[in-house]
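**Student:** prediction below, plus the sequence it came from.
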Amino acid sequence: MPTYRPEAERFWEKVNKNGPISHLGTVCWLWTAGTDDSGYGKFVTSRPERRMFLAHRWAWEQEHGLIPDGLTIDHLCDNPPCVRQSHFELVTRAVNITRGRHQDSYGYLMNGLVSCHA
């Protein structure tokens, strides 16, 4: 029977807590493993069955529980690989779209890395 490391241990070893300082004035915690085409981190759980989560959603749900129906996470820092919960706000999809931020206008590169900006 295989032994599994705790998911939280596997998750947090993939996070760089020394990321860039966001326009919020605090450091982004960057997901350093696989990402999707938009730069959001991907995390695969190991039990009871393998399941893929967006890393920021997994981080939120470990602390706060399931995201209620009709709500989504808005990255207030505008940095898709960030998994720092204090950079998140639960909002409706409509609000998230209305707030729509364009990566280039905030200094973010298409690969999810942050360029220097003040």
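**Tutor:** Nice, thanks for sending it over. Being a predicted model, the structure only gives us computed values, none of them experimental. Numbers count the residues shown, from 1 in each chain.
**Student:** quick one: pLDDT of residue 43?
**Tutor:** We note a pLDDT of 96 for residue 43 in this prediction.
**Student:** got it, and the one 10 residues further on?
**Tutor:** According to the model's per-residue confidence, residue 53 sits at a pLDDT of 93.
**Student:** could I get the contacting residues of residue 81?
**Tutor:** 28, 30, 31, 32, 35, 39, 40, 41, 55, 112, 113 (CB atoms under 8 Å, 6 or more residues apart in numbering). Just so you know, the C-beta spots here come from the backbone N, C-alpha and C atoms, and that holds for glycine as well.
**Student:** could you identify the most distant pair in those residues?
**Tutor:** 55 and 113 (15.4 Å; CB to CB).
**Student:** neighbour count winner among the two?
**Tutor:** residue 55 (27 against 14; other CB atoms under 10 Å).
**Student:** need phi/psi at that one.
**Tutor:** phi -60, psi -40 (degrees, to the nearest 10).
**Student:** quick one: contacts for residue 22?
**Tutor:** 28, 77, 78, 79, 82, 87, 114.
**Student:** make it 6 Å
**Tutor:** Residue 22 makes contacts with 28, 77, as judged by CB atoms under 6 Å, 6 or more residues apart in numbering.
**Student:** can you list the weak-confidence ranges in the chain?
**Tutor:** Within the chain, the ranges that satisfy pLDDT under 70 run 1-2, 47-48, 101-118.
**Student:** in strands only, show me the contacts of residue 81.
**Tutor:** In strands, defined here by DSSP state E, the members of these are 30, 31.
**Student:** which among the contacts of residue 81 count as buried?
**Tutor:** Of the members of the contacts of residue 81, the ones counted as buried by neighbours, 16 or more other CB atoms under 10 Å, are 28, 30, 31, 35, 39, 40, 41, 55, 112.
**Student:** beta partners for the third one?
**Tutor:** The reference is to residue 31. Assessed by DSSP bridges, residue 31 has beta-bridge partners residue 15.
**Student:** make sure it is actually in contact with residue 42.
**Tutor:** No - if you go by CB atoms under 6 Å, residue 31 and residue 42 don't touch, sitting 8.3 Å apart.
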